Structures are given as structure tokens and as C-alpha cells.
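J.: Task: produce atomic coordinates for the following.
(one chain, ligands or ions: 1)
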Amino acid sequence: MNTPLLEGKDLHVVHRIRGGGLFGSGHVYALTGADVAIEAGSTVGIVGESGCGKSTLARVLVGLQRPTEGSLLWEGHDVWAMSARERRTVLGRGVGMIFQDPSGSLNRRMPVSEIIRDPLDVHRWKSPRERAVRVRELMDLVGLPVSLADALPTSLSGGQRQRVSIARALALDPALVVADEPTSALDVSVRAQILNLLLDLKSQLNLAMVFVSHDIQTVRRVSDRVISMYLGRIVEQAPAAGLPDDGRHPYTRALFSAAPSLLHPTDPIPLGGSVPSASAPPSGCPFRTRCWRADDVCATEMPAYDEVAVDHSVRCYHPIESTTTTTELLREATADRATAAQGA
Ligand SMILES: Nc1ncnc2c1ncn2[C@@H]1O[C@H](COP(=O)(O)OP(=O)(O)OP(=O)(O)O)[C@@H](O)[C@H]1O
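T.: Sure, this is the predicted structure:
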């Protein structure tokens with residue numbers, strides 16, 4: 001098997017919260033035991049409810065955050081075993097990052113051409129003249145008129161600002177782009193334009209992409225593989241083409257049922273309770289406190305991450321059978337909720 005472009009092995013991120021405040025001291029388990037492999041040219045989407053660790057995983061993958069434990073390998077080389085300079089070169093050139101809010105991630109006082117040129121300057125890419133040519137090339141690539149070269153970000157529309165951040169992310173011709181909610185801060189009318197631009201660039205430049213979004217139907221549509229996260233854990237990784245029907249983790253199926261599409265119309269699968277705190281995750285399976293399939297075994301220890309099909313792994317004691325429809329799951333979960341209500 002070929003070495004993946006980027007691989008995260010058993011990644012953990014734990015934040016320590018110190019003293020005072022409403023919650024006192026403790027730890028937040030933002031990411032626990034995540035294994036991810038990204039092959040050249042492929043797109044991996046990350047889905048999950050707010051606070052499940054999507055952005056943390058994205059930040060770890062681009063090297064913006066050092067994992068508390070685990071390793072990050074770029075073409076098989078351990079990034080955090082490298083010197084700071086080597087790591088900056090490898091990840092700075094290899095990976096581009098696009099953030100959610102282009103207004104927050106662009107220097108308001110720098111003109112567009114300088115923002116796009118910045119990574120070229122930092123990495124001392126070729127000569128100043130060649131950098132200027134490259135900036136023009138990048139503006140053209142992302143559909144920004146050259147007349148905007150001297151404009152400040154504040155004078156641009158949200159869509160134009162996101163085009164500037166895409167150009168900056170692509171400046172050093174990276175093999176991988178990590179896009180964290182790249183369209184959610186934009187007006188609905190320009191979201192599709194920016195998404196289509198990203199997809200065009202991805203195929204034109206044969207980019208690998210990590211795509212994080214709350215919009216799970218878009219994630220499914222643009223990705224080759226989808227990672228489903230719950231409370232800092234990857235609970236399932238599945239080929240996007242089979243989703244949602246082939247989702248084997250109850251959480252993945254519940255997530256998709258809450259955002260139905262015309263192709264997959266359904267009522268939301270009812271879940272019990274609310275998302276537990278990332279400071280005090282439940283024992284065993286993190287999803288068990290809300291899962292209609294949970295029983296005593298789910299509270300014992302973390303279920304293994306089993307491969308149920310090619311490129312398809314799931315962390316569950318009671319995975320959904322490949323033949324079970326969402327309508328059947330809805331019935332199962334509704335009956336479980338009714339029993340719980342009677343017992344209350
Ligand atoms: N610097 C920090 N200090 C303490 N806790 C943090 C910090 N950063 C993130 N967290 C916590 O880590 C967990 C994961 O956060 P993260 O931002 O990765 O989730 P997310 O899935 O991207 O959420 P959203 O979809 O709302 O952006 C959350 O419980 C969050 O509150």
C-alpha cells in the first residue's frame with residue numbers, strides 16, 4: 001500500500017483548564033485516539049455536532065496545534081520529531097489552510113497582493129519578480145480581477161475575501177488543503193460559488209482536501225471518505241458514496257437523519273439526553289448516554305474500531321446492519337424513547 005500523504009496516529013488533544021470560573025479546574029478532552037490517513041488527491045470530510053472536535057482535528061492536521069499525544073506523519077516522516085524549521089518548511093509548503101471567517105484571518109491593513117504574496121516571502125520562494133508573477137497567476141486562478149491587487153480586505157465582499165484566502169492557501173502549490181467551514185460565514189448566495197471554486201481547484205491541481213462543515217450533505221457530496229466524530233472521538237469512517245444508508249454507527253445515521261436531503265427524506269431519529277461534557281466523557285462508548293441501542297456492555301470500555309468493509313471502520317458494540325433502513329432505525333429509536341418515557 002502507498003504511504004499516505006498525511007497520517008495522524010492515535011492523536012489526542014487535552015486542554016487543561018485552570019482554577020476559578022464556573023467549572024473550576026480540569027481537563028477538556030478535545031480529541032481522543034484519532035487515526036486518520038489522507039491519500040494524495042483524495043477528499044476527507046469531517047462531520048459531527050458542535051464541539052465534537054472537528055476544528056481541533058483540522059488544526060492538528062495542519063500543524064497549528066501540537067497533539068498532546070500521538071504522531072503526525074507527512075509522507076511517512078514524523079512532523080513533530082523534526083526541527084521547528086524543518087516542520088515549518090514541510091507543512092508550510094505542503095499544506096494550505098482555509099478558515100471559516102475570511103475577515104478574521106486576513107490582515108486588514110495589507111493589500112490583497114501582499115496577503116497572497118506573504119507565504120512566498122516567508123518561504124523565500126524564488127525571486128521577487130517571480131513572486132509578483134505568481135501573485136497575478138493566483139488571483140487569476142481564484143477569479144479575482146487584477147484591479148483588486150491594491151485593494152484592502154475591508155473594501156472587498158465576503159466572497160472576494162474568501163477568494164483571497166484561497167489564493168494565499170494555494171500560493172506554495174500545496175498537495176493538501178484543509179478547509180474548516182470555508183463557506184459558513186458567507187452569504188447563502190455566494191456559498192455555492194466558493195464551494196464550486198474549491199472543487200474546480202481540487203480537480204485542476206489534484207489536491208487532497210480535508211473538508212470540515214456543519215453542512216453534512218455538502219460534506220457527503222464533495223468527499224471521498226467521511227469521518228464522523230462524537231465527543232472528541234472518531235466513531236466512524238466510511239466511503240461517502242454509501243452514506244447515509246450505509247452508515248453503521250447509530251450516531252452517523254442520527255446525524256444524517258437530522259439533515260435530510262431530497263434523495264433521502266426522513267424524520268430525525270430521536271436521541272435521548274444531551275451531549276455530555278468534553279471534561280467528563282462517559283465511560284465506555286461516548287455515545288451510549290444518547291444511543292437507543294446502548295446496553296450494559298456499552299458502559300464497560302471503549303468499543304474497538306472495527307473494519308466492517310473496505311475503507312469502512314466503526315467504533316460500536318451494536319453497529320447497524322448494512323440492510324437496515326433509516327425508517328426501521330426511526331421505529332427502533334422511537335420505541336426506545338417511548339419505553340424510557342414510561343420508565344421515567
Ligand atoms: N483552547 C481551548 N481550551 C479549552 N477547551 C477547548 C479549547 N479549544 C477547544 N476546546 C474544547 O474542545 C472541544 C472541541 O472543540 P472544537 O472547536 O474542536 O469542536 P468543533 O467540532 O470544531 O466545534 P464547532 O463545530 O462548534 O466549531 C470543545 O469541547 C471545545 O469547547
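J.: tell me the SS of the closest residue to the ligand within the stretch 151-300 of the chain?
T.: Nearest residue of the stretch 151-300 of the chain to the ligand (Cβ to the nearest ligand atom) works out as residue 278 at 3.7 Å. No exception for glycine: its C-beta is placed from N, CA and C like everyone else's. When classified by DSSP: H, G, I helix; E, B strand; the rest coil, residue 278 comes out as coil.
J.: Which helix or which strand is home to the nearest residue to it once chain neighbours are set aside?
T.: Sequence neighbours aside, residue 28 is the residue nearest to residue 278 in space, at 4.9 Å (criterion: Cβ to Cβ, 6 or more residues apart in numbering). For residue 28, the enclosing helix or strand under DSSP states H and E is strand 26-38.
J.: And for residue 8?
T.: Short version, using DSSP H and E: residue 8 is in strand 6-17.
J.: any idea how far the closest residue to residue 41 other than its chain neighbours lies from residue 39?
T.: Nearest residue to residue 41 in three dimensions, chain neighbours excluded: residue 206, at 4.9 Å (Cβ to Cβ, 6+ apart). Noted for residue 206: a distance of 11 Å to residue 39, by Cβ to Cβ, to the nearest Å.
J.: Same question for residue 107.
T.: 34 Å.
J.: higher neighbour count, the two?
T.: Legend: neighbour count by other Cβ atoms under 10 Å for residue 107 and residue 39, higher for residue 39 (17 against 11).
J.: Tell me how many other residues surround the closest residue to that one other than its chain neighbours.
T.: What sits nearest to residue 39 in space, not counting adjacent residues and going by Cβ to Cβ, 6+ apart, is residue 4, at 5.3 Å. Residue 4 has 18 neighbours, counted by other Cβ under 10 Å.
J.: in stretch 84-101, what's buried?
T.: 87, 90-101 (16 or more other Cβ atoms under 10 Å).
J.: give me every residue that touches the residue nearest to residue 278.
T.: 14, 15, 17, 278, 279 (Cβ atoms under 8 Å, 6 or more residues apart in numbering).
J.: let's see it at 10 Å
T.: Under the criterion of Cβ atoms under 10 Å, 6 or more residues apart in numbering, the neighbours of residue 28 are 13-17, 51, 53, 56, 232, 277-281.
J.: Next one: residue 200 from residue 312, what distance?
T.: 29 Å.
J.: who's more crowded, those two?
T.: Per other Cβ under 10 Å, whichever of residue 200 and residue 312 has more neighbours is residue 312, with 18 against 13.
J.: Please report the distance of that one from residue 144.
T.: The value you get for residue 312 to residue 144, if Cβ to Cβ is used, is 40 Å.
J.: For stretch 210-218, give the mean pLDDT please.
T.: Averaging pLDDT along stretch 210-218 yields 93.
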